[in-house]
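Asks: Have a look at this prediction, sequence included:
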Amino acid sequence: MDERREHLIKFYSLLGRLEKSIGTRTLASCSGRMDWPKRGVYFFRELGELRSDTGDGLRIVRVGTHALKTDSRTKLWTRLSQHKGQPSTGGGNHRGSIFRLIVGAALISRDMGEFPTWGDGNTAKGDVRIGEFPLECEVSLVIGKMPFLWLSLEDDAGPGSRRGYVERNAIALLSNYHRHPLDQPSPHWLGRHCDREKVRTSGLWNSNHVDESYDPRFLDELERHVSAVGGAS
């Protein structure tokens, strides 16, 4: 069996154990009042995006974490809420979420026409944000439907974080970027319309780490953390 395929099967098996332990959620149904670990790694799936080479079920389309800068105080829910957007309005801020930025870019290409200010700068004036509001709402709807898992991994913030180790190796393992593709995106996957070549060719809503090699030993560390939160083998 192809080595990467074998590692992907183990990866999904571990996430299956995690799901049995904690369940799954969508951002549309989540709030900060729910029970969240302070720090962790999250794994998003997407409806209609099925595994085809490594087993059954939905494939992972995005992996992420937070607080990878020294002394960062960002919590897991803080990061997830940036992806979710603003429940009171349905909008959001793609300048604070790369996930929202690239989903919006794909929607512009596929459905939404011209949004020339999208992704322009780190901040925007009120009139610019008003013009982008319809697209922010669409992004919230798309991301809000995606089921996701989260793995509690409480470590210190910083570039040496074990969360960062799990994140970047999981992305590199899942990525089809310049590799023999496994669990390819469906023909209708929204990411095929993204303006970022790394998203289109990796099959992930990630652009960092998709062109890197992975360390298979990260699966052993992932297994230890899954077991620690009650994911029985």
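Replies: Great, that's in hand. Residues are numbered from 1 along each chain as shown.
Asks: Could you pull up phi and psi at residue 43?
Replies: Main-chain dihedrals, residue 43, degrees, to the nearest 10: phi -130, psi 110.
Asks: hang on, isn't it packed against residue 149?
Replies: Yes - using CB atoms under 8 Å, residue 43 is in contact with residue 149, at 4.7 Å. Bear in mind the C-beta positions are built from the backbone N, C-alpha and C, glycine included.
Asks: Between those two, point out the one with more neighbours.
Replies: residue 43 (24 against 21; other CB atoms under 10 Å).
Asks: so which helix or strand takes in residue 127?
Replies: helix 126-144 (DSSP states H and E).
Asks: What is that helix packed up against?
Replies: Packing partners of helix 126-144 (3 or more CB pairs under 8 Å, 6 or more residues apart in numbering; DSSP states H and E): helix 76-84, helix 98-107.
Asks: and if we set it to 10 Å?
Replies: strand 40-50, helix 76-84, helix 98-107 (3 or more CB pairs under 10 Å, 6 or more residues apart in numbering; DSSP states H and E).
Asks: next one: the next helix or strand after it to chain centre, how far?
Replies: Next helix or strand after helix 126-144 toward the C-terminus (DSSP H and E): strand 147-152. Remark: strand 147-152 is offset 10 Å from the chain centroid, using CA atoms, centre = their mean, to the nearest Å.
Asks: got a list of contacts for stretch 185-200?
Replies: Identification of contacts with stretch 185-200 by CB atoms under 10 Å, 6 or more residues apart in numbering yields 46, 48-50, 52, 59, 61-62, 101-111, 118-119, 142, 175-178, 201-211.
Asks: Got the phi and psi for the closest residue to residue 45 other than its chain neighbours?
Replies: Computed as CB to CB, 6 or more residues apart in numbering, the closest residue to residue 45 that is not its neighbour in sequence is residue 58, at 3.9 Å. Backbone geometry at residue 58, expressed as degrees, to the nearest 10, gives phi -80, psi 140.
Asks: I'm done for today, thanks for sticking with me.
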